[in-house]
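Participant: I would like to see how this sequence folds:
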Amino acid sequence: MFEERLVLPGGFVLEASVSGDRAYVLSLRKGKTILVEYRNAGRYEFKSVEKLRYDFERDAEKALRRG
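Facilitator: Numbering: from 1, shown residues only. The predicted structure is shown next:
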């Protein structure tokens with residue numbers, strides 16, 4: 001199991017949780033507004049942890065640029 005919560009400048013919060021049974025939630029939010037969220041119940045097709053991380057980071061960076 002992996003869990004992490006980062007508070008970023010500007011009031012952004014990044015949270016990640018991945019368990020051994022491939023259950024995962026990765027989210028980026030500002031306040032109560034979710035900017036990006038990946039979870040195994042969603043539309044994202046899980047292929048590997050590396051790809052999941054890459055795709056999420058790409059989308060999170062885009063959301064941070066939009067502010």
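
Participant: just checking, G42 is part of a helix?
Facilitator: No - with DSSP: H, G, I helix; E, B strand; the rest coil as the criterion, G42 is assigned coil and is not in a helix.

Participant: Now do it: how many residues are near it, please.
Facilitator: The number of residues packed around G42, counting by other C-beta atoms under 10 Å, is 10. Bear in mind the C-beta positions are built from the backbone N, C-alpha and C, glycine included.

Participant: Do a quick rundown of the strands in this protein.
Facilitator: Along the chain, counting by DSSP state E, strands occupy 2-8, 12-18, 24-30, 33-39.

Participant: Now do the first one against strand 12-18, angle only.
Facilitator: Going back to what we said before, that points to strand 2-8. 170 degrees (axes from the mean of the first three to the mean of the last three C-alpha atoms, to 10 degrees).

Participant: partner strands of strand 2-8, parallel or antiparallel?
Facilitator: strand 12-18 (antiparallel) (DSSP bridges).

Participant: in the strand it pairs with, what counts as buried?
Facilitator: By 16 or more other C-beta atoms under 10 Å, the buried positions in strand 12-18 come out as 12, 14, 16, 18.

Participant: And these, which is closest to L64?
Facilitator: Nearest to L64, judged by C-beta to C-beta, of those is F12 at 6.7 Å.

Participant: mind checking how far that closest one is from F46?
Facilitator: Per C-beta to C-beta, to the nearest Å, F12 is found 24 Å from F46.

Participant: ok, now K30?
Facilitator: According to C-beta to C-beta, K30 stands 26 Å off from F46.
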